[in-house]
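# Need coordinates for the following:
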Amino acid sequence: MSALDHIGVVGGGAWGTALACLARRAGRRVTLWSRDPAVSRAIAAEQRNEIYLPGQSLDAGIEAVADLSALAACDAILLVCPAQALRGVARDLPGRSPVVICAKGIEASTGLLMPEVLAEALPGRAIAMLSGPSFAEEAVQGLPTAVSIATHDADLGRDLAGALAAGMFRPYWIDDVTGVSLGGAVKNVLAIAAGIVEGRGLGHNAAAALITRGFAEMARLGLAMGANLETLTGLSGLGDLVLTCHGPLSRNRSLGAALGRGASLADYLQGRRQVVEGAATAPAVLARAAKLGIEMPICTAVDAILHRGADLDEAIRGLLARPLRREGT
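Alright, predicted model coming up:
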């Protein structure tokens, strides 16, 4: 029996629901809280979440609740909410158990990574970060999925991996919290750029170059912030970047593709329930990079297109017109 037998999940979206299913398959008791009582009722009564995971049968035995205090006795809590809502949700978390952040982004108002936000909201609480190439739809279907769990406490990392590993879901623990947090944030911005390449019909050569040069931007910023290159080339960095830039289930890539075909950000977001994290993360990434003197031309172009009214074709020409330089810089 794992030392973390009772897992709480905060968030009834696609990834929160998938993680609840994975924890059940690992033999854990699972209590899931959703802000939407209708989602909690459907999961509890029908083993369905048609709003966020339509057509998927969920694992039986997930205790879905509408009262957050029901998670007070959990051995660990998976915090699966949008990045920009993490601070507010964290402040209401009950108990003193470790918190595993499962949100990818940078807080727009402060420029802080998710673990830095949680450290302010819940001082003294044990923190871990779960990230990696993981579409919720595939994970809940039982398709092979591997993720990173970052924490400074090696024993906690092992316990969390043991509590969640089951079947085709394989977590690896690591101590580079900064690298895992940053990779998951920056890849969302780069995925918007990859979608623009697709939507504009720029070809496979451009798509490959975009991922390669985008990773160079991620690595420059990560190393300047103290991340390890091994982490950035791992699951939560390069792995997640490749999935999000190529995978058809990526919301950030889909946004970029819509922009490439001529839609506006407002047009794309209208009526959508799920958050596209890269849109809010782009200016926050650049603000953090500016403080460290790091150039991120692709992320700068994405931010200009999203938030500054830049012409899309002009932004692309601007990237290609940059001064020639040695590769690796």
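
# Helix, strand or coil: sort out Ile294 for me.
Secondary structure for Ile294, judged by DSSP: H, G, I helix; E, B strand; the rest coil, is coil.

# what residues are up against it?
Glu217, Arg220, Leu221, Ala224 (C-beta atoms under 8 Å, 6 or more residues apart in numbering). Just so you know, the C-beta spots here come from the backbone N, C-alpha and C atoms, and that holds for glycine as well.

# Confirm that the second one sits in a helix.
So that's Arg220. Yes - assigned with three-state DSSP, Arg220 falls within a helix.

# Could you tell me the per-residue confidence at the closest residue to it other than its chain neighbours?
Counting by C-beta to C-beta, 6 or more residues apart in numbering, Arg220 lies nearest to Ile294, which is 5.2 Å off, once chain neighbours are set aside. What the model reports for Ile294 is a pLDDT of 97.

# Over to the one 5 residues further on?
Among the per-residue scores, Cys299 holds a pLDDT of 98.

# Identify the residue nearest Arg253 in space, chain neighbours excluded?
Gly195 (4.1 Å).

# check which helix or strand covers the one you found.
Per DSSP states H and E: Gly195 is located in helix 177-199.

# CA atoms of the host helix or strand of Pro283 as PDB?
Per DSSP H and E, Pro283 falls inside helix 277-292. Taking C-alpha atoms only, helix 277-292 is exported to PDB below (Å, rounded to 0.1, in the frame of the first residue of the first chain):
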ATOM      1  CA  GLU A 277      -2.900  28.800 -21.400                       C
ATOM      2  CA  GLY A 278      -0.400  30.100 -24.000                       C
ATOM      3  CA  ALA A 279      -2.400  33.200 -24.700                       C
ATOM      4  CA  ALA A 280      -1.900  34.500 -21.100                       C
ATOM      5  CA  THR A 281       1.500  33.000 -20.700                       C
ATOM      6  CA  ALA A 282       3.100  34.800 -23.700                       C
ATOM      7  CA  PRO A 283       3.500  38.200 -22.200                       C
ATOM      8  CA  ALA A 284       4.500  36.700 -18.800                       C
ATOM      9  CA  VAL A 285       7.300  34.700 -20.400                       C
ATOM     10  CA  LEU A 286       8.700  37.700 -22.200                       C
ATOM     11  CA  ALA A 287       8.600  39.800 -19.000                       C
ATOM     12  CA  ARG A 288      10.600  37.100 -17.200                       C
ATOM     13  CA  ALA A 289      13.000  36.900 -20.100                       C
ATOM     14  CA  ALA A 290      13.500  40.700 -20.300                       C
ATOM     15  CA  LYS A 291      14.600  40.800 -16.600                       C
ATOM     16  CA  LEU A 292      17.300  38.300 -17.500                       C
END
